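Enquirer: Okay, predicted coordinates and the sequence, questions at the end:
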Protein chains: 2
Amino acid sequence: SSTVPASAPPMREAAAARMPSLAHREVARALADKAEARLAAQLMPSAVPADVAEFRNGAGNAVGTLDVRHGAPDSPIDFMLQSSLHCKVPNGAIDITSILVFLNASTDAPHFLLEFIQGSPTSMVVILDLLPRKDLALHPEYIEKYYQNTQLDKQRENIEELPQTRPYRSTSLFVRSACSPTAVSVIIDCGQGGESILEEIVCGHLASVAKGVLQIWLDNCTGNTSEMEQVERDIMVKRDQVVRLKSIEVDLTANLPRMFGPEVSGRVITEIRRAFGVQEA
Amino acid sequence: SSTVPASAPPMREAAAARMPSLAHREVARALADKAEARLAAQLMPSAVPADVAEFRNGAGNAVGTLDVRHGAPDSPIDFMLQSSLHCKVPNGAIDITSILVFLNASTDAPHFLLEFIQGSPTSMVVILDLLPRKDLALHPEYIEKYYQNTQLDKQRENIEELPQTRPYRSTSLFVRSACSPTAVSVIIDCGQGGESILEEIVCGHLASVAKGVLQIWLDNCTGNTSEMEQVERDIMVKRDQVVRLKSIEVDLTANLPRMFGPEVSGRVITEIRRAFGVQEA
């Protein structure tokens, strides 16, 4: 109200949403730590302005964080992006946590992708994949190298064997097409009263599977450059560009304007575009 | 026995398995008829020798049929293949029915693929897809043209909404990679005593979905040639070749030797390879 003295903490500050602790967020945190520890000098320091590293909406019901670390020169890493979004809604809250590590054109190894989308205390969507860089139907040797020999599919089986999971299909046919045949894409739904069961699954089965996939990626995808003919590399770069543009369009930035309004989301999307190296469509 | 007179019908003939009538086979038959009626002059007459058109194993417990019709000159059809396999096993029988219509390099339109694999009177696997000819992650416009605008995904939803279906994942990562994001790949399992429920689903829901997919394919994929740059067409031809080789290897011919022995299956596989235009690996 207008009677509040100027020296008092502004109402907005007091009412502002805080990023709540959440089991899935802890799991993502541990994974990001693991990746950062392993990649170490391959990553440059954080590269986002303070008002993007943490941001809120005017209404005070939404808070987000974004961190982007570019790959060091001569590393196969293009960038590592972490983000967390929390938005109170009438019946609860939506929490979205993402970790992406994209590689550059020195290698054809898959990118790492993790997304947790939690719309209630008892259910969440998990997308976890090593995103292929090549047309798999044209390159069976690529399937063999990165997916078959690494036994990645066992991780998918581990999570899908839970009775609480069912397949999740992105409404975007493009997103489905960009994923590998071993992608984890599931809804974990523990039903009414299942808060503690979900937490148990997240900290147990899910954490273990996500750790397993990250380990496979760290061990098989971050160490080597790939020999390719120039025309092959050109196709890969073009393919990467399409995947990046589409990912931003249908996924990463889809929820931001609704949650944070045009000004804040514009700022954040600009940074995400910068990380992805793609221009406004 | 050696006492049977030469004029009596040979034992083998009398004991030979016959292709039993089966709801899923009727549905496939109706679809093939529909496709043949529509394609009409685009198809040449059948092109398989009599001992491949119908074949049996020595033990008399397995029977198969294969029909291949090549596309007429100047048609976009490469070939249409239909096959039915029936094999008695200790606990029942395995019945596999396939319809494939593959297009040639004059068009980039998807191939048509249908497979029913029935291992019991109460459950079966269905694979039904328009197989993409291009790398979908590199060609979002291809997704839009053949999959989005045709609303193909609704057919998948129609069958997956049945409580008796659950996703079927091929053990071959290649097969999964070759399918479109709208592919129907399900197990229909009606449980103990569910014979009549399965039959009802096959003749109702499944027949309707398969007919819908075939209609979309006939309307959108068989009429036009596609303008392409030569390099694009070369990649498509190479991709097609890999898909054909792999399909034969992991799918079409995988069960034949076990069911029919080396001699008969060798003869049949030779014809399938000829239809696919691929050499022995």
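Expert: Nice, thanks for sending it over.
Enquirer: roughly how far apart are the closest residue to residue A:218 other than its chain neighbours and chain B?
Expert: The shortest distance from residue A:218 to any non-neighbouring residue, by C-beta to C-beta, 6 or more residues apart in numbering or on different chains, is to residue A:38 (5.2 Å). All C-beta atoms are positioned from the backbone trio N, CA, C, and that covers glycine. Distance from residue A:38 to chain B, counting by C-beta to the nearest C-beta, to the nearest Å: 26 Å.
Enquirer: Residue A:64 too?
Expert: Using C-beta to the nearest C-beta, one obtains 28 Å as the distance from residue A:64 to chain B.
Enquirer: Can you give me the neighbour number for that residue?
Expert: Residue A:64 has 25 neighbouring residues, counting by other C-beta atoms under 10 Å in any protein chain shown.
Enquirer: Look at the spatially most central residue of chain A and give its secondary structure.
Expert: Nearest residue to the geometric centre of chain A (C-alpha atoms, centre = their mean): residue A:98, 2.6 Å. Under the three-state scheme (DSSP: H, G, I helix; E, B strand; the rest coil), residue A:98 adopts strand.
Enquirer: residues contacting it?
Expert: A:81, A:82, A:83, A:84, A:114, A:115, A:116, A:252 (C-beta atoms under 8 Å, 6 or more residues apart in numbering or on different chains).
Enquirer: Which strand or helix spans residue A:119?
Expert: For residue A:119, the enclosing helix or strand under DSSP states H and E is strand A:111-120.
Enquirer: Strand partners (parallel or antiparallel) of that strand?
Expert: Neighbouring strands of strand A:111-120 in its sheet, by DSSP bridges, are strand A:92-103 (antiparallel), strand A:123-131 (antiparallel).
Enquirer: What lies in contact with it?
Expert: For strand A:111-120, the external contacting residues (C-beta under 8 Å, 6+ apart) are A:22, A:24-25, A:27-28, A:31, A:35, A:92, A:94-103, A:124-131, A:133, A:210, A:213-214, A:217, A:221, A:251.
Enquirer: Give the buried subset of those as a PyMOL selection command.
Expert: Buried subset of those, written as a PyMOL selection, criterion 16 or more other C-beta atoms under 10 Å in any protein chain shown:
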select buried, chain A and resi 22+24+25+27+28+31+35+94+95+96+97+98+99+100+101+102+103+124+125+126+127+128+129+130+131+133+210+213+214+217+221+251
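Enquirer: what is the rounded mean pLDDT of the strand holding residue A:119?
Expert: Averaging pLDDT along strand A:111-120 gives 96.
Enquirer: Identify the bridge partners of residue A:166.
Expert: Going by DSSP bridges, residue A:166 forms beta bridges with residue A:187.
Enquirer: I'd like to know how far it sits from residue A:250.
Expert: The gap separating residue A:166 from residue A:250 is 22 Å, by C-beta to C-beta, to the nearest Å.
Enquirer: So those two - more neighbours on which side?
Expert: Neighbour count, other C-beta under 10 Å: between residue A:166 and residue A:250, residue A:250 has more, with 16 against 13.
Enquirer: Chain neighbours aside, what residue packs nearest to the more buried one?
Expert: Take residue A:250 and drop its neighbours on the chain: the residue closest to it by C-beta to C-beta, 6+ apart is residue A:172, 4.5 Å away.
Enquirer: How about residue A:216?
Expert: The shortest distance from residue A:216 to any non-neighbouring residue, by C-beta to C-beta, 6+ apart, is to residue A:150 (4.8 Å).
Enquirer: what's the neighbour count on the one you found?
Expert: 21.
Enquirer: doesn't residue A:220 make contact with it?
Expert: Yes. Counting by C-beta atoms under 8 Å, residue A:150 does reach residue A:220; the two are 5.5 Å apart.
Enquirer: How about the contacts made by the closest residue to residue A:173 other than its chain neighbours?
Expert: With sequence-adjacent residues excluded and distances taken as C-beta to C-beta, 6+ apart, residue A:173 is closest to residue B:181, at 4.7 Å. Contact partners of residue B:181, counting by C-beta under 8 Å, 6+ apart, are A:173, A:176, A:177, B:136, B:143, B:147, B:153.
Enquirer: got the residues of the stretch 1-150 of chain A near chain B?
Expert: By C-beta under 8 Å from any C-beta of the partner chain, the residues of the stretch 1-150 of chain A that approach chain B are A:132, A:135, A:136, A:137, A:138, A:140, A:143, A:147, A:148.
Enquirer: what do you get if the cut-off is 10 Å, keeping everything else the same?
Expert: Contact residues (C-beta under 10 Å from any C-beta of the partner chain) of the stretch 1-150 of chain A with chain B: A:131-140, A:142-144, A:147-148.
Enquirer: Out of the strands paired with strand A:111-120, which is closest to residue B:271?
Expert: Residue B:271 lies closest to strand A:123-131 among the strands paired with strand A:111-120, at 39.2 Å (C-beta to C-beta).
Enquirer: Can you name the next helix or strand after that closest one?
Expert: Heading C-terminal from strand A:123-131 (DSSP H and E), you reach helix A:140-143.
Enquirer: does any bit of the helix or strand just after that next one sit next to chain B?
Expert: The helix or strand immediately downstream of helix A:140-143 is helix A:152-160, counting by DSSP H and E. Yes. Interface with chain B: helix A:152-160 contributes A:152, A:153, A:156, A:157, A:160 (C-beta under 10 Å from any C-beta).
Enquirer: out of these, what pair is the most spread apart?
Expert: Maximum distance among the residues of helix A:152-160 next to chain B (C-beta to C-beta): 13.1 Å, for A:152 and A:160.
Enquirer: what's the overlap in contacts for those two?
Expert: Both residue A:152 and residue A:160 are in contact with residue A:184, where contact means C-beta atoms under 10 Å, 6 or more residues apart in numbering or on different chains.
Enquirer: Tell me which of those two has more neighbours.
Expert: Just comparing residue A:152 and residue A:160: by other C-beta under 10 Å the higher neighbour count belongs to residue A:152, 24 against 16.
Enquirer: what's that one in contact with, if anything?
Expert: Residue A:152 neighbours (C-beta under 10 Å, 6+ apart): A:110, A:129-130, A:146, A:180-184, A:212-213, A:216-217, A:220, B:173.
Enquirer: so which of the residues of the stretch 1-150 of chain A next to chain B comes closest to residue A:237?
Expert: Minimum distance to residue A:237 across those is 9.4 Å, recorded for residue A:133 (C-beta to C-beta).
Enquirer: distance of the closest one from residue B:78?
Expert: From residue A:133 over to residue B:78 (counting by C-beta to C-beta), the distance is 30 Å.
Enquirer: Tell me the pLDDT of residue A:205.
Expert: According to the prediction, residue A:205 has pLDDT 96.
Enquirer: give the contact list for it.
Expert: Taking C-beta under 10 Å, 6+ apart, we find residue A:205 in contact with A:158, A:159, A:161, A:162, A:164, A:165, A:188.
Enquirer: mind checking the SS state of it?
Expert: Going by three-state DSSP: residue A:205 is helix.
Enquirer: And it, how close does it get to chain B?
Expert: Going from residue A:205 to chain B by C-beta to the nearest C-beta gives 19 Å.
Enquirer: again, but for residue A:253
Expert: Relative to chain B, residue A:253 is positioned 17 Å away (C-beta to the nearest C-beta).
Enquirer: For burial, what's the neighbour tally of that residue?
Expert: Using other C-beta under 10 Å, residue A:253 has 17 neighbouring residues.
Enquirer: Quick check: chain neighbours aside, which residue is closest to it?
Expert: Nearest residue to residue A:253, sequence neighbours excluded (C-beta to C-beta, 6+ apart): residue A:269, at 4.7 Å.
Enquirer: Pull the number of nearby residues for the one you found.
Expert: A count of nearby residues for residue A:269, using other C-beta under 10 Å, gives 20.
Enquirer: Tell me who's in contact with it.
Expert: Neighbours of residue A:269 in contact, by C-beta under 10 Å, 6+ apart: A:52, A:66, A:248, A:252, A:253, A:256, A:257, A:260, A:262, A:280.
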